[in-house]
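Colleague: 3D model of this:
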Amino acid sequence: MSICVCSGAVLQCSFGAAPATLNVLPANCTMVGGPPAATIMDFTPIVNVAPFGMCSSMANPAVAAATAAALGVLTPMPCVPVPAGPWITGAPTVLIGNMPALNSDAKLMCAWAGVIQIGFPGQATCMVP
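Modeller: The predicted model follows:
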């Protein structure tokens with residue numbers, strides 16, 4: 001079983017230097033132990049998914065350009081997440097506003113080849129099948 005994810009969850013990107021926080025707007029009026037519950041559609045950069053400090057992915061054009069300018073020495077650049085679609089897979093049997101709820105096992109792909117995972121779901125009381 002996995003855990004329902006809510007606003008305040010801690011996220012980590014495979015190419016990010018620091019963790020980030022998931023921000024869920026209370027549009028669906030569904031709370032999980034206080035904070036708003038997340039769905040697989042809560043993936044908007046900056047609004048929902050905060051930057052992860054510095055990005056070290058060579059698929060990121062800013063990192064590739066800085067690395068080329070440094071004669072091939074990997075040069076991380078500030079992260080601006082670019083999610084490639086909604087969270088995968090979520091909890092298809094638990095709907096919030098007609099969208100699957102986000103569970104702690106879900107992953108989010110970044111266009112710069114990173115995989116964003118949930119380190120801490122923001123709460124520990126609501127379990128999903």
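
Colleague: now do the same contact list for Ile40.
Modeller: Listed by CB atoms under 8 Å, 6 or more residues apart in numbering, the contact partners of Ile40 are Pro86, Trp87, Ile88, Thr89, Gly90, Met99, Pro100, Ala101, Leu102, Ala106. Every C-beta, even on glycine, is put in place using the N, C-alpha and C of the backbone.

Colleague: go again using 6 Å as the cut-off
Modeller: Pro86, Trp87, Gly90, Pro100, Leu102 (CB atoms under 6 Å, 6 or more residues apart in numbering).

Colleague: can you flag the buried ones in those?
Modeller: Pro86, Trp87, Gly90, Pro100, Leu102 (16 or more other CB atoms under 10 Å).

Colleague: what's the closest of the residues you listed to Cys29?
Modeller: The nearest member of the buried ones among the contacts of Ile40 to Cys29, counting by CB to CB, is Leu102 at 16.0 Å.

Colleague: rewinding a little: Serialize the contacts of Ile40 to a markdown table and add fields for pLDDT.
Modeller: Shown next, in a markdown table, are these (pLDDT from 0 to 100):
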| residue | pLDDT |
| --- | --- |
| Pro86 | 96 |
| Trp87 | 96 |
| Gly90 | 87 |
| Pro100 | 93 |
| Leu102 | 93 |
